[in-house]
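Asker: How does the following fold in three dimensions:
(chains A, B and C)
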Amino acid sequence: MPKSISFITPSTTASIYVFLGLATTTFLLTAVKRLDNKEISFRHGFVSVMLQKRIIILSAGAVVTILALGLIGLIVGDYPVPAWKAIATAFWDKNNEYDFVINSLRFPRITVAVLAGICFAASGAIFQSLINNPLVSPDIIGVNNGAAVCAVIMLAVGGTTTYLPIAAFIGAILASSLVYILSWKRGVSGSRLVLVGIGINALLGAVITFIQVRYPIERVMAAARWQAGSLFGSSWEDARTLSIGLAILLPAAFVLINRLRLLQLGDETAMALGLSVERDRFALLTVGASLAAIAVAVTGPLGFVALLVPQVARAVIGTLTAGSLLFTGLLGGVFLLGADIISQRLFAPVTLPAGVVTAAIGAPYFLLILVRYNRET
Amino acid sequence: MKHDNDSPRELSGIELRLSYQGPPVIEGLTIDLPIGQITVIVGPNGCGKSTLLRAFARVLTPDKGKVILNGEEIQNMSTRYVARQLGLLPQNQRTPDSIVVKDLIRRGRYPHQRLFDQWSKKDEEAVNKALQITGLENFSERLVDELSGGQRQRVWIAMVLAQDTPIMLLDEPTTHLDMAHQIEILELLNRLSVEEKRTIVMVLHDINLAARYAANLVAMRDGSVIYSGQPSEIVSSEMVESVFNLRTVVISDPVTGSPLVIPKPTAEI
Amino acid sequence: MITASVVLLAVTSAPILAGVVAKKRRTRVGPIIRNHMIGLPCALLVMAVVIFLSLRYGSLQVSWLTAWDAIFDYDSTDQKQIVVRELRLPRTFLGLAAGSSLALAGALVQGVTRNPLAGPGILGINQGAAFAVVTAIFVADIVSPEGYVWFAFLGATAAAVLVYSVAHFGSGGATPIKLVLSGVIVTALLGSWTSALLLLDLETLDEARFWLAGSISGRGTEELRFLFPFIISALIIGILMGKQVNVLNLGEDMAASMGQRTNQIRILTGLVVIVLSGSAVAIAGPIAFIGLAVPHMVRSLVGPDYRWILLYCVIIGPCLLLGSDIVGRLIVRPSELQVGIVTAAVGAPFLIYLVRFTKISET
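Answerer: Alright, predicted model coming up:
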């Protein structure tokens, strides 16, 4: 019997808010381009650094947006919570009626969304700068499929979800290591890495498909759900994992960013400027893959964020610097949080996995931004 | 332990064998590059001049033999230290997308920077000076992609200048440059050599410019040095014919007095 | 089973051995197959062997003689011959058609976009077909493979047209980079809609997962018969475009200065790719690996000249696809493993080997 798809129509109010939100963000992003990009030198003691005005404003704006979206995320839902009460419950008043909804459901989910978004976007930025190809995302080194194989095996074959994040993380790291080792031949060149990545991804994909056709449909559905990427059921445990990961990896990324800037100039120039090219490239790949691996382990593959957020950030900012990496990460947080909220409310009461929404709404949205930027330059 | 301000006293290659994972391009070459002077390497295509330069820049590891800087093998020194002593302008440069002129030049300061010391006064001065010397002050915020070939070349030269090294190795720095800018850059390098006692080693394809600016001219063919010495002493029509396979007449440049090579027509018309 | 494995092993390891021998002799650096007077017939021979193996092997045991007779001396009362002629022969044709279409389409896409990560999938073709098919299952409960074919083809074409139009928007027409980005976006969009439908309904997922795995069994010959003239013409046109792709590969400015009408060439290539991969996905379901990896494999064997790359892709693509199908039939006998799975499992190690042991150029 044919099914009607009428129940997947978006609610009108939600659609209007979404549209307004997207329109405002687009406008703001394009308006920033007209701001002058003054450099500010900050020197004090042994610290000296160059800051760009545009990046400071953008990053601040991103933080504000995250806070605003966070507030919205606390408020809206099947059980609407008044704004002031929401903030109170989240931070100090733990003993009221909203405690469960806020502190066990929404607040952790918001935090995980932001942190995972930062991980994905930063990872994507590193990979896209390392390998000059717009199709590049951490996916190429096998992170997504590696995690997926372990997760799918666990869900479809074992039918259990304990230790799933750990298994996924290990799978992601193993797959990336395999790709790296197989592309090593007196060093790792970008093109070899890409091609070996294609091979390993295909291999892992075949395993996943194999499981999908050979196991009972209920288990396969569970695996398919995981593969779509979702923030459903995010816990404080997940948030803790992501925080620890970011606390280690993000500073590492900032330390390595200057080496990445040199690698962009070509291996020879980088060597002449004092880089140990293979060692630094390895370090950057490790940091990039680990960022993606942690995020995938917690949320499932939300690779779209890693692919397109850095492109948008680059269209707005331009060159890679520590500041632009920070902004890219924050933009990823904004995006994933926004997508998650939309995925919960747009088709209420039906909820879709965040992975589906990120692509469905993100895709035309990014397209709009890229088109506007192409027109302006 | 090396001191940062250890000025170079000796730069030479001993029994060098260089290859690109195949038959050797250079075999058993020993060469001494005089400090504080301009050395220009010339030769026909494929003679190994870029290869030699890369070995000195430590970008290419010799299969056999060693490159010596101040009595020590360059391979044993820390990459960072070497980067403060030797600057390289490679022949093929990879310019990343959407990079601004000033940013590219700034990256040349990397060997002098520390983790928290990213934009010291010295860095800023070096970058500004490099912009000024190469005449790119008005271009500092422009995208490198949008510049002409010659302007882009000047940006890369500015980056090497910002690196501020006592030894500069430049592979075909005059590519894409119009005549005025060619002379400008070569005059600049001359000044750096004379006034600041920098050691400059460059590969040029124009033998007349080479003869004009080189204090020490090295002519290579098929991986070996055929001639080496002052241009006025070694440049002759016999030399040009044996190195380049070209029949020429060599006269004295009316302006500078250096040898001027004038090719003879290759076929009777 | 043993003979089959031995032959397959020989077939796949022959190029490897050739590579090793070439390296040992330290001949000039360059493509392994340089003499096409020898190379082409060898490739065709490999293809003939694979075709014959495809007729011979399957879940039903059949002798060499029976297979031969089924084609050349048909006896319609012999049940085994019926199996060969009615089931395996069409299946083999499907494999040939799909294999050459996908490989050629992939090579063309990589040549035009100058991007090694590109395959026919990036033009949204596979995703468009998948979305159309999944929607058909979800909304109209269509469950027969014949029913899928037309939806797949329509979806593929619509997606490709969408990708192309989006890329055309703005200045410069559909430049490689805009095509790639546009493809990424449309692919992601369609992929997410498809996922949404699959996740919302268990039965849809149950039905669709087999089609999504890619298979050349269980298809009638009707669709292939209809699509056949299109596929053949597209293959021929595609192969003949080798010279143009070479020029296009030099870069925009070079190509324009050599008098090439880059926009028109790109549109023509796009049409060929759409017809080829649209047909392939319609008859076999989405098989991503062939279009992506076979061009790279071929390039490492014959070098960067697209005139040869395109020609060899048409021959080697089906070898990989059919070879994988044969393995899929044998490995879990009497059941079968979908060809999409085996192709990646067989092809990936081979690709990785080539990457490590040959000088592989990026585009």
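
Asker: Tell me the residues on the stretch 151-269 of chain B that lie near chain A, please.
Answerer: B:Gln163 (C-beta under 8 Å from any C-beta of the partner chain). Any C-beta I mention is one placed from the backbone N, CA and C, and that applies to glycine too.

Asker: need the contact list for C:Leu179.
Answerer: C:Val112, C:Thr113, C:Leu123, C:Val163, C:Tyr164, C:Ala167 (C-beta atoms under 8 Å, 6 or more residues apart in numbering or on different chains).

Asker: What is the three-state secondary structure of B:Gly257?
Answerer: Assigned by DSSP: H, G, I helix; E, B strand; the rest coil, the conformation of B:Gly257 is coil.

Asker: what's around it, how many residues?
Answerer: 10 (other C-beta atoms under 10 Å in any protein chain shown).

Asker: Please apply the same query to the one 3 residues further on.
Answerer: Neighbours of B:Leu260 under the rule other C-beta under 10 Å: 19.

Asker: since we're on the nearest residue to it once chain neighbours are set aside, how many residues are nearby?
Answerer: Nearest non-adjacent residue to B:Leu260, counting by C-beta to C-beta, 6 or more residues apart in numbering or on different chains: B:Asp253, 4.3 Å away. Other residues within reach of B:Asp253, judged by other C-beta under 10 Å, total 13.

Asker: And B:Asp253, how far from chain C?
Answerer: 37 Å (C-beta to the nearest C-beta, to the nearest Å).

Asker: next one: A:Val356
Answerer: Applying C-beta to the nearest C-beta to A:Val356 and chain C gives a distance of 5 Å.

Asker: now the end-to-end length of stretch C:48-67.
Answerer: Chord length of stretch C:48-67, first to last residue, is 14 Å (C-alpha to C-alpha, to the nearest Å).

Asker: quick one on the thing from earlier: next one, pLDDT for the residue nearest to B:Leu260 please.
Answerer: Per-residue pLDDT puts B:Asp253 at 90.

Asker: Show me what the one helix or strand C:Leu96 maps to is packed up against.
Answerer: Assigned by DSSP states H and E, C:Leu96 falls within helix C:89-113. Packing partners of helix C:89-113 (3 or more C-beta pairs under 8 Å, 6 or more residues apart in numbering or on different chains; DSSP states H and E): helix C:36-56, helix C:176-200, helix C:221-240, helix C:242-248, helix C:262-284, helix C:288-302, helix C:306-331.

Asker: Any idea which residue is closest to the centre of the chain?
Answerer: Since no chain was named, I'll use chain A. By C-alpha atoms, centre = their mean, chain A has its centre lying nearest to A:Phe120, at 2.7 Å.

Asker: Chain C was what I was after
Answerer: Residue closest to chain C centre, computed by C-alpha atoms, centre = their mean, is C:Leu102 at 2.5 Å.

Asker: Can you give me the neighbour number for C:Val180?
Answerer: Using other C-beta under 10 Å, C:Val180 is surrounded by 23 other residues.

Asker: swap in B:Gln75?
Answerer: Neighbours around B:Gln75, by other C-beta under 10 Å: 11.

Asker: Also A:Val255?
Answerer: Neighbour tally, A:Val255, other C-beta under 10 Å: 13.

Asker: try A:Ser324
Answerer: Neighbours of A:Ser324 under the rule other C-beta under 10 Å: 24.

Asker: Can you name the residue of the stretch 51-200 of chain B nearest to chain C?
Answerer: Nearest to chain C, among the residues of the stretch 51-200 of chain B, is B:Asp97, at 9.8 Å (C-beta to the nearest C-beta).

Asker: what helix or strand is that residue on?
Answerer: Using DSSP H and E, no helix or strand contains B:Asp97.

Asker: show me what contacts it?
Answerer: A:Asn132, B:Asp145.

Asker: how about stretch A:336-350: buried residues?
Answerer: A:Leu336, A:Leu337, A:Gly338, A:Ala339, A:Asp340, A:Ile341, A:Ile342, A:Ser343, A:Gln344, A:Arg345, A:Leu346, A:Phe347 (16 or more other C-beta atoms under 10 Å in any protein chain shown).

Asker: Now the residues you listed in CSV, please, with extra columns for pLDDT and distance to chain B.
Answerer: CSV is the format used below for those (pLDDT from 0 to 100; distance: C-beta to the nearest C-beta, whole Å):
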residue, pLDDT, distance to chain B
A:Leu336, 89, 25
A:Leu337, 90, 27
A:Gly338, 87, 26
A:Ala339, 84, 26
A:Asp340, 86, 30
A:Ile341, 85, 32
A:Ile342, 82, 30
A:Ser343, 79, 32
A:Gln344, 81, 36
A:Arg345, 77, 36
A:Leu346, 74, 34
A:Phe347, 71, 38
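
Asker: Report the rounded mean pLDDT for the helix or strand encompassing A:Phe304.
Answerer: Applying DSSP H and E as the criterion places A:Phe304 in helix A:303-317. Helix A:303-317 shows a mean pLDDT of 82.

Asker: Could you check the angle it makes with helix C:176-200?
Answerer: With axes from the mean of the first three to the mean of the last three C-alpha atoms, to 10 degrees as the basis, helix A:303-317 and helix C:176-200 are set at 140 degrees to each other.

Asker: Report all helices and strands that helix A:303-317 contacts.
Answerer: On a contact count with 3+ C-beta pairs under 8 Å, 6+ apart, helix A:303-317 meets helix A:12-32, helix A:53-75, helix A:107-130, helix A:322-345, helix A:354-376, helix C:176-200.

Asker: Specify the angle between the second one and helix A:107-130 in degrees.
Answerer: Pointing back at helix A:53-75 there. Using the same axes, to 10 degrees: helix A:53-75 against helix A:107-130 is 150 degrees.

Asker: Please see if helix A:53-75 touches chain B.
Answerer: No. Residues of helix A:53-75 contacting chain B under C-beta under 8 Å from any C-beta: none, with a closest distance of 11.9 Å.

Asker: lowest-confidence helix or strand of chain A?
Answerer: helix A:354-376 (a mean of 69; mean pLDDT, DSSP states H and E).

Asker: wait, what's in contact with the residue in the stretch 51-200 of chain C that chain A sits nearest to?
Answerer: Nearest to chain A in the stretch 51-200 of chain C, going by C-beta to the nearest C-beta, is C:Ser192, at a distance of 3.4 Å. By C-beta under 8 Å, 6+ apart, the residues touching C:Ser192 are A:Phe304, A:Gly355, A:Val356, A:Val357, A:Thr358, A:Ala359, A:Ala360, A:Ala363.

Asker: one more time with 6 Å
Answerer: Contacts for C:Ser192 (C-beta atoms under 6 Å, 6 or more residues apart in numbering or on different chains) come out as A:Val356, A:Ala359, A:Ala360.

Asker: does the nearest residue to B:Leu16 once chain neighbours are set aside count as helix, strand or coil?
Answerer: In space, and not counting its chain neighbours, B:Leu16 is closest to B:Gly65: 4.0 Å by C-beta to C-beta, 6+ apart. Using three-state DSSP, the three-state assignment for B:Gly65 comes out as strand.
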